[in-house]
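[1] build the 3D model from these lines:
(chains A and B)
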Amino acid sequence: MENQLLELLQDNCRYTNRELASMLNTTEEAVQAKISEYEQKGIICGYKALINWEKVPGSEVRALIELKVAPKPDRGFEEIAERVMAFDEVEGVYLMAGNYDLAVFVKGHTFQEIALFVGKRLSPLDSVLSASTHFILTKYKSNMVDMQNLTSDTDERECFI
Amino acid sequence: MDYERFLNSKIKSTKPSGIRKFFDIANEMENVISLSIGEPDFKTPWHIRETGIRSLEKGKTWYTPNRGLSNLREEICKYFDRRFSVKYNPDTETLVTVGGSEAIDAALRCLAEPGDEVLLPQPSFVCYEPLTVMAGATPVIIETKAENDFRLTPEEIEEKVTDKTKLLILPYPNNPTGASMSREDYEAVAKVVEKYDLMVISDEIYAELSYGTKPVSFASVTGMRDRTIVVSGFSKAYAMTGWRLGYALGPEPIIAQMTKLHQYGIMSAPTTAQYAAIEALQNGDNDIVKMREQYDMRRRLIVDGFNSMGLICFEPKGAFYVFPCIKSTGMSSEEFASNLLMSKHVAVVPGNAFGDCGEGFVRVSYSYSVQHIKEALGRIRAFINELEQH
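    Model (predicted):
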């Protein structure tokens, strides 16, 4: 049941253990044990609602910042990553292979606020070589979900025999 | 103008499908969640669609040979040997049809005639009885029983055999019950088929959707290859319902007559679909495995769901239907389906749409996403709880 359980929980973490057990042809106890194990190992890192903030009036705006940084001889990218992660404005930090090093997802009340955050707090950090800001306008798909309902999910099957 | 005198009396006396009625009502309602559709919810796998598209780009827009493309017939025979260990000759024992339905119709019309009796186990798919009537023969219903998990027993056949019996239809894995016949079940049936010298039309369209057991073709049972027309197709295994492509496999003298009928009535099955089907047979085995895993998960969820709310439901081993018993509610199948639709906006099909012996049951399709099934089960549970409180 290994990956199947994770896939089901990623699909919907509110399935009951009974539902999961019946789908995976096992017992509720086995499901619970496996989930606890995943939690302890940090494979399951949390259970959060997937919110489309664009639909919430007056909510924050978001941006992707491409950071080029100079890695430290002893801790590589981790030291700078740790410092960037510590800001409340930062929602996500990924280490990238390619034209830049860190992808930083930032939220703020206005685009201006984000621009100021980048200019005054992120860029001046020791070892940041450059920062390039991209504002996110709309999320079409996020976490496997069609956030804007672009793909029609109406059931087109109409043959009733 | 009075059309009555022009119309064929047999088609006039045929009832429209009982499934239809409920959808007309359901279609008018808001927020309806349906568990009533009898086709896969998956789209045809992309590589298969792409092959169909490419055939159009290449201008493959003519008729194919009447029997179907020879490549396709070869692939069908290879597939059938690989999956069911029965060999057929692609040139003389294979006919590509417009869905399994055409193959059933053609087999009935080429074998049955007035005076013949055709044994038909029910509950079963709605087409066999009217098609038998239109072929001029007399359907004789065998009522399979819940206590046997709706499998067909040799005793049930013997009770209905007369000296007029010519044909037996085997609708397994079964729509609507999800019942499935094991090799042992088929061997027992084969003895009776042999004893009374019957021919068999075995509708194996759902064979790939078998859970926990390897599917068995009736033609693979000793002595039965010569007595069986196997009907199958691409709709259920590869989620290709809209392509309209099926096939019949059987003894050369019968396939030859069916090919003649097909040639006059149809010409040839859709060309684009035939090219796509070659790709399905060559590279689609994994798609079947993936879809079957999904159906299997849903199957277990829904069986557990019904049993836990007191609607007893045996564990079906095939197709994508469950057939829970609703007698404990004191309602008829139609009342149950209708009340459930009106009060909770959940559509299921009354069991008696598939034969009188389906009374007391409803057909529930799990050809829906797990989320959808979870929501529907929640509503059905609420419906049952409210009944118990009154």
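
[2] strands along chain A, start to end?
    A:61-69, A:90-95, A:102-108, A:128-136, A:141-142, A:145-146 (DSSP state E).

[3] what about the helices in chain A?
    Secondary structure of chain A by DSSP state H: the helices cover A:2-11, A:17-24, A:28-40, A:78-85, A:111-117.

[4] quick one: list the elements packing against the lengthiest helix in chain B.
    Assignment by DSSP H gives helix B:285-308 as the longest helix of chain B. Counting contacts by 3 or more Cβ pairs under 8 Å, 6 or more residues apart in numbering or on different chains; DSSP states H and E, helix B:285-308 packs against helix A:17-24, strand B:321-322, helix B:370-389. Glycine gets a C-beta too; all of them are placed from N, C-alpha and C.

[5] most packed of these?
    strand B:321-322 (a mean of 27; mean count of other Cβ atoms under 10 Å in any protein chain shown).

[6] pLDDT score assigned to the residue of chain B found nearest chain A?
    For chain B and chain A, the shortest gap (Cβ to the nearest Cβ) falls at residue B:304, measuring 3.7 Å. Model confidence at residue B:304, expressed as pLDDT, equals 96.

[7] for the chain, which residues score under the pLDDT cut-off?
    No chain specified, so I'll use chain A. A:1, A:160-161 (pLDDT under 70).

[8] that was the other one, I meant chain B.
    In chain B, residues with pLDDT under 70: B:18.

[9] could you pull out the helices for it?
    Counting by DSSP H, the helices of chain B are B:9-12, B:18-28, B:46-57, B:70-84, B:99-111, B:128-134, B:154-160, B:183-195, B:252-265, B:271-283, B:285-308, B:333-344, B:370-389.

[10] before we move on, the earlier item: closest to residue B:170 out of the strands of chain A?
    strand A:145-146 (42.9 Å; Cβ to Cβ).

[11] quick one: is the closest one near chain B?
    No: contact of strand A:145-146 with chain B (Cβ under 8 Å from any Cβ of the partner chain) is absent, the minimum separation being 11.6 Å.

[12] centre of the chain versus that strand, how much separation?
    With Cα atoms, centre = their mean, to the nearest Å as the basis, strand A:145-146 stands 13 Å off its chain's centre.

[13] spatially nearest residue to residue 130, not counting backbone neighbours?
    With no chain named, the answer covers chain A. residue A:68 (4.6 Å; Cβ to Cβ, 6 or more residues apart in numbering or on different chains).

[14] I was after chain B.
    Using Cβ to Cβ, 6+ apart, the closest residue to residue B:130 is residue B:14 (4.6 Å).

[15] can you get me a residue count around the nearest residue to residue A:19 once chain neighbours are set aside?
    Of all residues not flanking residue A:19 in the chain, residue B:301 sits nearest, at 6.1 Å (Cβ to Cβ, 6+ apart). Residue B:301 has 22 neighbours, counted by other Cβ atoms under 10 Å in any protein chain shown.

[16] does residue B:301 touch residue B:374 like I think?
    Yes: judged on Cβ atoms under 8 Å, residue B:301 makes contact with residue B:374 at a distance of 7.4 Å.

[17] domain ranges for chain A?
    A:2-40, A:54-137 (automatic domain parsing).

[18] need those domains in a markdown table (columns: distance to residue B:32).
    What follows is those, written out as a markdown table (distance: least, Cβ to Cβ, whole Å):
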| stretch | distance to residue B:32 |
| --- | --- |
| domain A:2-40 | 22 |
| domain A:54-137 | 25 |
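
[19] residue A:159 is nearest to which of those?
    Using Cβ to Cβ, those put domain A:2-40 closest to residue A:159, at 27.6 Å.

[20] what's next to stretch B:363-373, contact-wise?
    Stretch B:363-373 has contacts (Cβ atoms under 8 Å, 6 or more residues apart in numbering or on different chains) with A:8, A:11-12, A:23, B:33-41, B:175-177, B:295, B:297-299, B:301-302, B:305-306, B:320-324, B:348-351, B:353-354, B:376.

[21] contacting residues around the residue of chain A found nearest chain B?
    Distances between chain A and chain B by Cβ to the nearest Cβ are smallest at residue A:22, namely 3.7 Å. With contacts defined as Cβ under 8 Å, 6+ apart, residue A:22 is in contact with B:300, B:301, B:303, B:304, B:305.

[22] show residues contacting stretch B:297-309.
    So stretch B:297-309 is contacted by A:4, A:18-19, A:22-25, B:178, B:211, B:312-313, B:315-316, B:320, B:322, B:324, B:364, B:366, B:368, B:370, B:373-374, B:377, B:380-381, B:384 (Cβ under 8 Å, 6+ apart).

[23] now do 7 Å
    Outside stretch B:297-309, the residues that touch it by Cβ atoms under 7 Å, 6 or more residues apart in numbering or on different chains are A:19, A:22-23, A:25, B:211, B:313, B:315-316, B:322, B:324, B:364, B:366, B:370, B:373, B:377, B:380-381, B:384.

[24] same question for that stretch: list its buried residues.
    Within stretch B:297-309, the residues that qualify as buried are B:297, B:298, B:299, B:300, B:301, B:302, B:303, B:304, B:305, B:306, B:307, B:309, counting by 16 or more other Cβ atoms under 10 Å in any protein chain shown.

[25] using PDB, list the CA coordinates for that stretch.
    Extracted C-alpha coordinates of stretch B:297-309, given in PDB (Å, rounded to 0.1, in the frame of the first residue of the first chain):
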ATOM      1  CA  MET B 297     -10.000   0.800  -5.100                       C
ATOM      2  CA  ARG B 298     -13.400   2.300  -5.800                       C
ATOM      3  CA  ARG B 299     -15.000  -1.100  -5.800                       C
ATOM      4  CA  ARG B 300     -13.700  -1.800  -2.300                       C
ATOM      5  CA  LEU B 301     -14.700   1.600  -1.000                       C
ATOM      6  CA  ILE B 302     -18.200   1.300  -2.300                       C
ATOM      7  CA  VAL B 303     -18.800  -2.300  -1.200                       C
ATOM      8  CA  ASP B 304     -17.700  -1.400   2.300                       C
ATOM      9  CA  GLY B 305     -19.800   1.700   2.200                       C
ATOM     10  CA  PHE B 306     -23.000  -0.100   1.300                       C
ATOM     11  CA  ASN B 307     -22.400  -3.000   3.700                       C
ATOM     12  CA  SER B 308     -21.700  -0.600   6.600                       C
ATOM     13  CA  MET B 309     -25.000   1.100   6.100                       C
END
